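J.: Could you look at this predicted model? Sequence included:
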Amino acid sequence: MSAMKTNDLSGQKIIITGGGIGGASGALALALRGADVTLYERHNEFKEVGAGLQIGPHGVKMLDKWGLKEKAIEGGYLPDRMQFRDGITAEPILNMEFDEKFVEHYGAEYLVIHRSDLLNMLVEAAREAGANLVNGVKVTGADDHGDGVSVHLEDANTGEKLDDDEADVLVAFDGIHSVFRPLCADDEPVPSAYVAYRGTSPLAEDEDMKDLKDVRGYIGPRCHFIQYPLRGGELLNQVAVFQSPRYLEALTNGTEVPDDWGNNEEFKQAFDHTNEAVKGRLGNMWLDTWWQMADREPLEDWIASDRIIVMGDAAHPPLQYIASGAIMAMEDGECLAQYASDAVKAGDLNWTTVLREVADERAPRCGRIQTTSRFWGELWHVDGLSRLIRNELFREAERTGWFKYADWLWDYDATRREYLQDPSKGNLPKELDEWEYNLHKIARQRDEGKSAEELTI
Ligand SMILES: Cc1cc2nc3c(=O)[nH]c(=O)nc-3n(C[C@H](O)[C@H](O)[C@H](O)COP(=O)(O)OP(=O)(O)OC[C@H]3O[C@@H](n4cnc5c(N)ncnc54)[C@H](O)[C@@H]3O)c2cc1C
């Protein structure tokens, strides 16, 4: 089913910088409202890592709005459940069923899909909706001149300066190292000390795994391992994540962090303490690349100027533990298109007001996802007594019903404007007031003058 196209934003010129999942989603959502969209991507092709992506119901609802849900389900995979297992014993500790009750409660399915398949789908649909998507062009900056924006461009292959392009609004979906984020905050990415290895392999001929129908996660201590099928069960996607001892050592000793933290030497030992169900699978991971995981502190204000806004990882790069980085970027694009259309319908499209409204709705929502991701990741990675308590809490959640923990994340609809009405919804729940992110704890104790031996985390 294709999405309905409207002319609400006809005559409005929008430039998007960055053609990842965020930029492509934004281009699609705005083009579907009739905006004149040009997207600049510095790479010569639209590309994503060849691995999987989990799209919870909050993301599937976006695909549904854009007429892509059936196609995405056809090319992806609908897992039966998410199952958490203890990393040492391999015992299941929490099953989250993605059954009819789930779909009814959240209004959509839980999908897993190959990243390139999703990006290609979004790019194709954005082009069909009329967006002009341009590769090989880098956006180097922009001037807001009150009634519009002049966007500075460069040929990404030759470095030659190109003529400026003009727009009513510039949307920066240019990733964690965004050119425009420094206009909003003076900050840097925060490395997490955790590193991810990925790998895909044929599933049908994999004797041990061919019956896998779930998103399965073995958690802790100090590592986790995720598995799920892709492309209708054709491929197995695996992600192995662990804490780098060399990164942590440098951090606690105050010495220089080695560039290759999380390298193959560390990977080879990082899962020695885990169950054979994990250790036995590590041979399928790619060894030539690994991803040093980093996020940023939540950004309070996404407005770079009256007509420039940052979105996607440029605004809210998260740790990946609640699988919502790409989905937040999809929600951002749809929220902008929706609020601008609403303003047109109300007879009053003022971009400065629209960007303010979008930022005030989205910033607390995404900040909550970023801070919860840190907390959730640390809960996965605990050791000793904490691990046993965590396991019992997970079992309890299955016994008593877990929807109450996930509703804030999966039952979201920007049209309700709930964070605009109550920005405190962006805070972690009261019970977590005492909780402090481990890396913050280390930094604080170092600032207090404690030596490496005295640090407690
Ligand atoms: C291991 C791992 C697992 C993850 N799992 C999930 C998951 O299951 N579900 C989920 O929702 N999210 C997940 N994420 C997060 C998700 O991948 C990201 O949050 C998301 O892809 C960000 O999309 P984006 O378009 O905002 O940024 P990016 O994908 O970084 O795209 C930015 C684009 O901008 C371009 N660009 C940069 N600078 C310029 C410039 N100056 N001019 C022109 N173009 C420029 C870049 O080339 C790039 O194409 C995961 C992340 C990791 C690392």
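T.: Nice, I can see it. Numbering: from 1, shown residues only.
J.: Point me to the residue of the stretch 101-250 of the chain nearest the ligand.
T.: Closest to the ligand within the stretch 101-250 of the chain is G175: 2.9 Å, counting by Cβ to the nearest ligand atom. The way it works is simple: take the backbone N, C-alpha and C, and place the C-beta from them, glycine included.
J.: Contact partners for that residue?
T.: Contacts for G175 (Cβ atoms under 8 Å, 6 or more residues apart in numbering) come out as G18, G20, G312, D313, A314, P317.
J.: ok, 7 Å please
T.: G18, G20, D313, A314 (Cβ atoms under 7 Å, 6 or more residues apart in numbering).
J.: farthest-separated two in the residues you listed?
T.: G20 and A314 (9.8 Å; Cβ to Cβ).
J.: helix, strand or coil for the closest residue to A167 other than its chain neighbours?
T.: Excluding its sequence neighbours, the residue lying closest to A167 (Cβ to Cβ, 6 or more residues apart in numbering) is I15, at 4.0 Å. Secondary structure assignment for I15 (DSSP: H, G, I helix; E, B strand; the rest coil): strand.
J.: about what we covered before: could you list which of the contacts of G175 also contact the ligand?
T.: Among the contacts of G175, proximity to the ligand is found for G18, G20, D313 (Cβ under 6 Å from any ligand atom).
J.: wait, doesn't the last one sit right on I327?
T.: When you say that, I think you mean D313. No: taking contacts as Cβ atoms under 7 Å, D313 lies outside contact range of I327: 11.9 Å.
J.: now for the helix or strand bottoming out on mean pLDDT in the chain, which elements pack on it?
T.: When each helix and strand of the chain is scored by mean pLDDT, DSSP states H and E, helix 438-447 comes last, with a mean of 89. Packed against helix 438-447, as judged by 3 or more Cβ pairs under 7 Å, 6 or more residues apart in numbering; DSSP states H and E, are the following elements: strand 190-202.
J.: So what are the sheet partners of the strand it packs on and their directions?
T.: With DSSP bridges as the test, strand 190-202 is paired with strand 235-243 (antiparallel), strand 291-295 (antiparallel).
J.: ok so, going back, who has more neighbours out of G20 and A314?
T.: Neighbour count, other Cβ atoms under 10 Å: between G20 and A314, A314 has more, with 31 against 23.
J.: How many residues are close by H114?
T.: Neighbours of H114 under the rule other Cβ under 10 Å: 23.
J.: Grab the nearest non-local neighbour of it.
T.: L230 is the one closest to H114 (Cβ to Cβ, 6+ apart), at 5.1 Å.
J.: ok, so what distance separates that neighbour from N44?
T.: To N44, L230 is 26 Å away according to Cβ to Cβ, to the nearest Å.
J.: Looking at these two, which one has more neighbours?
T.: Ranked by neighbour count (other Cβ under 10 Å), L230 and N44 place L230 first, with 22 against 11.
J.: what about that one, distance to V239?
T.: Counting by Cβ to Cβ, the gap from L230 to V239 is 12 Å.
J.: And for E249?
T.: E249 is 24 Å from V239, by Cβ to Cβ.
J.: And these two? Which one has more around it.
T.: More crowded of E249 and V239, by other Cβ under 10 Å: V239, with 19 against 15.
J.: Please name the nearest non-neighbouring residue to the more buried one.
T.: I226 (4.5 Å).
J.: Can you list the neighbours in contact with the strand or helix carrying the one you found?
T.: Per DSSP states H and E, I226 falls inside strand 223-230. Applying Cβ under 7 Å, 6+ apart, the contact partners of strand 223-230 are 52, 77, 79, 87, 112-114, 200, 203, 212, 214-218, 235-243, 270-271, 274, 278, 380-381.
J.: which stretches of this structure form helices?
T.: Along the chain, the segments classed as helices by DSSP state H run 21-31, 57-65, 69-75, 100-106, 115-128, 245-253, 264-270, 276-279, 325-345, 351-381, 384-400, 403-410, 418-421, 438-447.
J.: distance between the second one and the chain's centre?
T.: Here the centre of mass of C-alpha atoms in helix 57-65, compared against the chain's by Cα atoms, centre = their mean, to the nearest Å, lies 14 Å away.
J.: Contact residues of the stretch 51-200 of the chain facing the ligand?
T.: L53, Q54, K138, V139, F173, D174, G175, V179, A196.
J.: nearest to P364, of those?
T.: For those, the nearest to P364 is F173 (19.7 Å; Cβ to Cβ).
J.: count of neighbours near that closest one?
T.: Neighbours of F173 using other Cβ under 10 Å come to 30.
J.: Same check on the one 5 residues further on?
T.: Using other Cβ under 10 Å, S178 has 24 neighbouring residues.
J.: show me where pLDDT drops low in the stretch 301-450 of the chain?
T.: By pLDDT under 70, the stretch 301-450 of the chain has no low-scoring segment.
J.: can you list the residues of the stretch 201-350 of the chain near the ligand?
T.: Counting by Cβ under 6 Å from any ligand atom, the stretch 201-350 of the chain sits next to the ligand at V239, W291, G312, D313, Q320, A323, S324, G325, A326, I327, A329.
J.: any chance of the residues you listed in a markdown table, plus distance to D164?
T.: Formatted as a markdown table, these follow (distance: Cβ to Cβ, whole Å):
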| residue | distance to D164 |
| --- | --- |
| V239 | 41 |
| W291 | 35 |
| G312 | 23 |
| D313 | 25 |
| Q320 | 36 |
| A323 | 38 |
| S324 | 35 |
| G325 | 31 |
| A326 | 30 |
| I327 | 33 |
| A329 | 26 |
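J.: Among those, which pair sits farthest apart?
T.: Longest span within those, Cβ to Cβ: V239 and G312, 20.7 Å.
J.: quick one: which of the contacts of G175 is nearest A35?
T.: G18 (16.8 Å).
J.: Could you pull up the residues touching the closest one?
T.: E41, A172, F173, D174, G175.
J.: again, only using 8 Å
T.: L39, Y40, E41, A172, F173, D174, G175, G312, A314.
J.: Surely the last one touches A172?
T.: Yes: counting by Cβ atoms under 8 Å, a contact exists between A314 and A172, whose distance comes to 5.1 Å.
J.: any shared contact partners between those two?
T.: With Cβ under 8 Å, 6+ apart as the test, A314 and A172 both reach G18, S178, F180, R181.
J.: what pLDDT does the first one get?
T.: Meaning G18. At G18, the model reports a pLDDT of 98.
J.: Roughly how far does it sit from Q338?
T.: 20 Å.
J.: Also the third one?
T.: With the distance defined as Cβ to Cβ, F180 ends up 22 Å from Q338.
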